[in-house]
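Undergrad: The sequence and its predicted three-dimensional model are supplied below.
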Amino acid sequence: MQGENAAKRKHSGLGTLFNMVLFLVFLFCALFTVLIGSRVYENIHVRNRQNYEDYVILHYVANKVRQGDMKDSVTVDTIDGTPVLNLLQDAQGKKYVTRIYAYEGKLRELFMKSDADLGLADGLEITDCESLEIEKKDSLLYLRTGGKNPEELVMDLKCADGGNGT
C-alpha cells in the first residue's frame with residue numbers, strides 16, 4: 001500500500017511539474033507574440049507617417065504651383081546647390097517671387113520682391129523634409145521627395161502654352 005501511495009505522489013508531482021512547464025511555455029509564446037506584434041505595428045506606423053509626410057509635401061507644392069500657374073511664372077533654379085521652385089507674380093506693378101525648396105531638413109517657403117537679397121536660410125519652415133528634387137522640362141514639372149520611400153509627382157503646367165490660368 002505504501003508503495004502505491006509513493007508512486008501516486010511521484011506521478012502527481014510529475015503531472016504538476018509538466019503542467020507548470022506547459023503553462024510557462026504558453027506564457028513565453030504569448031509574450032513573444034505581443035512583442036513581435038508591437039514591433040510590426042511600430043514599423044507600419046513609421047512607414048505610413050513617412051508616406052503621409054511625403055504626400056503632404058508634394059501636394060502642398062502642387063497647390064502652390066496651381067495658384068500661380070500663369071505664362072512664364074513657374075521657373076526652377078539652383079541656389080547654393082539646392083533646387084528652388086520660383087513662382088513669379090506681379091502685384092500693383094511690382095514683381096514678387098515665392099521660392100519653395102528643401103533646406104536643412106525642412107521644406108521652406110520664401111516670399112519676397114524679385115530684387116530682394118534674401119538667402120535660403122531666410123525662408124519660413126513649413127514641415128520636415130529630407131530633400132526635394134525639382135525639375136522642369138518643357139511644360140512638365142517633376143517633384144520628388146527623398147528618404148527611404150521617395151515619392152514623385154509630375155505636373156503639367158497648364159499655362160505654359162500661353163493661357164491665363166483660368
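TA: Noted; the coordinates are in hand.
Undergrad: Can you get me a residue count around residue 99?
TA: The number of residues packed near residue 99 is 21, by other C-beta atoms under 10 Å. Backbone N, C-alpha and C define where each C-beta goes, glycine included.
Undergrad: Quick check: phi and psi on the closest residue to it other than its chain neighbours?
TA: In space, and not counting its chain neighbours, residue 99 is closest to residue 110: 4.4 Å by C-beta to C-beta, 6 or more residues apart in numbering. Note on residue 110: backbone dihedrals following degrees, to the nearest 10 are phi -130, psi 120.
Undergrad: which residues touch residue 110?
TA: Residues near residue 110 by C-beta atoms under 8 Å, 6 or more residues apart in numbering: 98-99, 101, 118, 120, 122-124.
Undergrad: now do residue 75
TA: 85-86, 88, 136.
Undergrad: do the same with residue 58
TA: Taking C-beta under 8 Å, 6+ apart as the contact definition, residue 58 lies against 143, 145, 151-153.
Undergrad: Quickly find the element holding it.
TA: Assessed by DSSP states H and E, residue 58 sits inside helix 2-67.
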